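Asks: Here is a sequence together with a model predicted from it:
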Amino acid sequence: MESILEQLKPVIGLFGQSPYMKAAVILLLSLLAAKLVGLFVNRGIRKLTQHTKTSLDDQLITLLHRPLFWTVVLLGMLLAAAVAELSPTLLTATRAAIISLLLFWWMLFGLRASRVILSSFSRHGDATSLVRPQTLPLFTNLVAIIIIALGVYFIFQAWDVDMTAWLASAGIAGIAIGFAAKDTLANLFSGVFILADSPYKIGDYVVIDNTVRGMVTHIGIRSTRLLTRDDVEVTIPNSVMGNSKVINESGGPHEKYRIRIRVSVAYGSDIDQVCALMQAIGEEEPQVCSDPVPRVRFRSFGDSGLVVDLMAWVEKPELRGKVSHELNCTIYKRFMAEGIEIPYMKQDLYIKSLPDTPWQEHNG
């Protein structure tokens, strides 16, 4: 600050020795310098950013114009206050007010710039990126809280306000809130980890601990919602989701889902005919994927028949019930037409002898 004043003394001295006149000259010079900086940003830097492929730099330059302008003006006001020969108390208050305005402008720029940057990252990110449309509100609010907290801290520092007591009170309050809302905080942190780790996404079919199965319709900070096949919406806290075994039926290299049709045929059946017939049924079903092709496997010798599996793939997990129904109906009809017996459990009761009754004893 002192070196800048020394360099400006020859120019300021041309307008007299009045401190108020010197302050007014410095203010005018700062306004002129702010205009020049604005022209440089608009016509110089903006031309360079127009040749880039992304629009992020153009948005940041637009946001940067006003903070730079007011930074130059406020620095000029600081210089003007230094040469205006104000009283020490008034000079201290003026400096604190100007620094507070300066911090406010850059805090506002940080909030807007972080929102633009995070939005750009979320648009261009993939499924494994940390910042995605689902996690964008979380990171936007988190960065905003950090910027505002830092801005408020430095503004208090500019006014020589001791923040030790405030920070201690905030720490005690944080501990109390943590104990009082531990379940809510557990859901919050689990939601953050779920959004960051992405074990599932909206539209996936998941099974939770082999008990609840449904399509993910919403992933929030507190809970995850599933829509079951009965059209019943189930809301599960994220802390439960984070500690449960989640089977993502839509995950893997593709969304296709394999169904298994298990059939038992009577001993003595032509196993080659059975396998060929089930293979043909799987390939003829229009809702069964042709890639991978359906497969038939002779699994085991059962108690009452030969166990054969037809394994086929469907495009989406929600089709498994409908396609299984179609395949079961077709297999039953074709087996009946071909005379292939589907065994079922039968019990034969043999009576070796009847006990003596009072009537038999009387007639005997």
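Replies: That came through fine.
Asks: Identify the residues contacting stretch 49-68?
Replies: 34, 37-38, 41-42, 45-46, 105-106, 108-109, 112-113, 116-117, 120 (CB atoms under 8 Å, 6 or more residues apart in numbering). (C-beta placed from N, C-alpha, C; glycine too.)
Asks: from the middle of its chain, how far away would stretch 318-334 be?
Replies: The chain centre lies 37 Å from the centre of stretch 318-334; the measure is CA atoms, centre = their mean, to the nearest Å.
Asks: Same check on stretch 326-345?
Replies: Using CA atoms, centre = their mean, the distance from the centre of stretch 326-345 to the centre of the chain it belongs to is 48 Å.
Asks: got the buried residues for that stretch?
Replies: 327, 330-331, 335, 340 (16 or more other CB atoms under 10 Å).
Asks: Strands along the stretch 201-350 of the chain, start to end?
Replies: For the stretch 201-350 of the chain, the strands defined by DSSP state E, counting those that start in this stretch occupy 205-208, 212-219, 223-227, 233-237, 246-248, 257-265, 295-301, 306-314.
Asks: What lies in contact with stretch 311-321?
Replies: The contact list for stretch 311-321, computed with CB under 8 Å, 6+ apart, reads 205, 215, 229, 249-250, 255-261, 282, 285, 287-289, 292, 294-297, 323, 327.
Asks: residues of the helix ranked longest in the chain that come out buried?
Replies: In the chain, with assignment by DSSP state H, the single longest helix is helix 88-124. Buried residues in helix 88-124, counted by 16+ other CB under 10 Å: 94-96, 98-103, 105-122.
Asks: Name the next helix or strand following it along the chain.
Replies: Once helix 88-124 ends, the next helix or strand along the chain (criterion: DSSP states H and E) is helix 136-158.
Asks: so that next one versus helix 88-124, what angle?
Replies: For helix 136-158 against helix 88-124, the angle by axes from the mean of the first three to the mean of the last three CA atoms, to 10 degrees is 170 degrees.
Asks: avg pLDDT for helix 136-158?
Replies: Averaged across helix 136-158, pLDDT comes to 86.
Asks: which other residues reach the next helix or strand after it?
Replies: Reading on from helix 136-158 to the C-terminus, the next helix or strand found by DSSP H and E is helix 164-180. Residues outside helix 164-180 that contact it (CB under 8 Å, 6+ apart) are 156, 185.
Asks: Per the annotation, how does the chain divide into domains?
Replies: Domain ranges of the chain: 2-158, 162-252, 257-338, per automatic domain parsing.
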